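Novice: Build me a structure from this.
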Amino acid sequence: MGVVQFGGPKQIILFLQETMGLKVFIEGGTYQGNTAKWAAGHFQQVFTIENSDAMRKIAAENLKDTARVTMLAGDTRNHLEPLLAANDDLLFWLDAHWSGGLTFGEGSECPLLEELSTIFAQSRNQAILIDDARLFLSPPPRPHQIDQWPTLQEVVAAIPSGWDLVCHDDVLIIIPETISHSFRQFVQELVSQPKVAAPTKRRLLSRLRKVG
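Specialist: Residues are numbered from 1 along each chain as shown. You can find the predicted model right below:
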């Protein structure tokens, strides 16, 4: 749940989905279920994991009429390995860190390094988006406990060779190096657009084809 936008960056997600042929959306931290609901309209299958009973109840009501969404109760670290074993062509939206309020994780605030270790342990066609980049780029504000959050250096060290890391709109984006150039071109187009008129994905792709 970032400060730039609520939920995942839709244009980025759709670009990666089309470019990489991604079919399965896996979300850590369901919150109210709005991101999972949106993803269900674009992916063949959506898995969303929530460890807070209170937030899961809210999300279940919001998602009750949404097809292709499977809600999973508990810790992302317990669910990622079986999901990876059973699926491929994956986009991960990792937002399971503690955000105060009814969200889960006080006392064990950020599972990111363990999530990344599990994800990279299996070879898959995948992209990884990590919300709230600002909390890794600098120490998180109070009441967060600094020693429960990895530094940016630790996050980078958890990424194997063959992968690229981009930060855009408070999201850390990990992609295969094979699409790095086209992805960076796409992000450049995004950041070059006037804020008053956000470009559509189709218009951006059209521009990239002209310059490519």
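
Novice: element containing the residue nearest to the spatial centre of the chain?
Specialist: Nearest residue to the geometric centre of the chain (CA atoms, centre = their mean): residue 93, 2.1 Å. Using DSSP states H and E, residue 93 maps to strand 90-94.

Novice: partner strands of that strand, parallel or antiparallel?
Specialist: strand 24-28 (parallel), strand 126-131 (parallel) (DSSP bridges).

Novice: So residue 71 lies in a strand, does it not?
Specialist: Yes - residue state for residue 71 (DSSP: H, G, I helix; E, B strand; the rest coil) corresponds to a strand.

Novice: quick one on the thing from earlier: turn the strands paired with strand 90-94 into CSV, columns for mean neighbour count, distance to residue 98 and mean pLDDT.
Specialist: (C-beta placed from N, C-alpha, C; glycine too.) Listed next are the strands paired with strand 90-94 as CSV, based on neighbours: other CB atoms under 10 Å; distance: least, CB to CB, whole Å; pLDDT from 0 to 100:
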stretch, mean neighbour count, distance to residue 98, mean pLDDT
strand 24-28, 26, 12, 98
strand 126-131, 24, 12, 98
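
Novice: Just send those strands back as TSV, with distance to residue 67 too.
Specialist: Listed next are these as TSV, based on distance: least, CB to CB, whole Å:
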stretch	distance to residue 67
strand 24-28	13
strand 126-131	23
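
Novice: out of these, nearest to residue 81?
Specialist: Residue 81 lies closest, by CB to CB, to one member of these: strand 24-28, at 11.7 Å.

Novice: Please report the distance of residue 90 from residue 124.
Specialist: The spacing between residue 90 and residue 124, counted by CB to CB, to the nearest Å, is 6 Å.

Novice: tell me, what's touching the two both at once?
Specialist: residue 84 (CB atoms under 8 Å, 6 or more residues apart in numbering).

Novice: Which one's more surrounded, these two?
Specialist: More crowded of residue 90 and residue 124, by other CB atoms under 10 Å: residue 90, with 23 against 16.

Novice: How about the more buried one, nearest residue that isn't a chain neighbour?
Specialist: Of all residues not flanking residue 90 in the chain, residue 126 sits nearest, at 4.2 Å (CB to CB, 6 or more residues apart in numbering).

Novice: right, and the one you found touches residue 119 too?
Specialist: Yes - contact status for residue 126 versus residue 119: in contact at 7.0 Å, counting by CB atoms under 8 Å.

Novice: Name the residues contacting each of the two.
Specialist: residue 92.

Novice: just the angle between the longest helix seen in the chain and strand 126-131, please?
Specialist: The longest helix of the chain (DSSP state H) is helix 180-192. Orientation check (axes from the mean of the first three to the mean of the last three CA atoms, to 10 degrees): helix 180-192 against strand 126-131 gives 30 degrees.

Novice: Report the buried residues of helix 180-192.
Specialist: Neighbour-count burial for helix 180-192 flags 183, 186-187, 189-190 (criterion: 16 or more other CB atoms under 10 Å).

Novice: Tell me which other helices or strands it touches.
Specialist: helix 10-20, strand 163-168, helix 201-211 (3 or more CB pairs under 8 Å, 6 or more residues apart in numbering; DSSP states H and E).
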